[in-house]
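Chemist: Test case, fold it:
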Amino acid sequence: MKAQSQRQLRAGELVRRALADIIAEGAIHDPAVAGVPVTVTEARMSPDLRHATVFVAAMGQADRVKLAKALDHASGYLQRELARRIDLRFTPKLRFEADDRFEEAAHVDEVLSRPHVKRDLD
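Modeler: Coordinates of the predicted model:
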């Protein structure tokens, strides 16, 4: 995967922050989203800034795949709200994906804390 340009990174951060605010306001009434603390971890923009892949994680025991599907279902509403809040030439088409980096990091920590692995690292 090619590294994102500064323009893509700036636009992605703008989209990420705006979406985090919109979701935190609680305007989405889907049971998979309502009452669940959602973290918008990243928004990756296409080179033309017309598409954004938004990575989300649910805190606690919520199902992150269901969360991503629920947000995909509400993407039309989220795009309209996003258009009101950010100043980009085009409002990007949103696609949501579950972010599993937190689980991967926890697994790596667990492996590294095993006694026989710890012994080899010292």
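Chemist: can I assume F55 sits in a strand?
Modeler: Yes - residue assignment for F55, taken from DSSP: H, G, I helix; E, B strand; the rest coil, places it within a strand.
Chemist: which one is it nearest to, not counting chain neighbours?
Modeler: D99 (3.9 Å; C-beta to C-beta, 6 or more residues apart in numbering). The C-beta positions use only the backbone N, C-alpha and C, and glycine is treated the same way.
Chemist: Now do the contacts for the one you found.
Modeler: Contacts of D99 were listed using C-beta atoms under 8 Å, 6 or more residues apart in numbering, and they are 39, 41-42, 55-57, 64.
Chemist: Buried residues of the helix or strand D72 falls within, list them for me.
Modeler: Element membership for D72, per DSSP states H and E: helix 64-73. Neighbour-count burial for helix 64-73, counted by 16 or more other C-beta atoms under 10 Å, picks out 64, 66-68, 70-71.
Chemist: where are the low-confidence patches of the chain?
Modeler: Applying pLDDT under 70 to the chain flags the ranges 1, 61-62, 101-107, 109, 117, 122.
Chemist: one step back: who's in contact with the helix holding D72?
Modeler: With C-beta under 8 Å, 6+ apart, helix 64-73 has contacts from 23, 28, 30, 32-33, 36, 38, 54, 56-58, 78, 94-100.
Chemist: and what of stretch 30-45?
Modeler: So stretch 30-45 is contacted by 4, 8-9, 11-13, 15-16, 19-20, 23-24, 26, 28, 51-60, 62-63, 66-67, 69-71, 73-74, 92, 99, 101 (C-beta under 8 Å, 6+ apart).
Chemist: Good, wrapping up.
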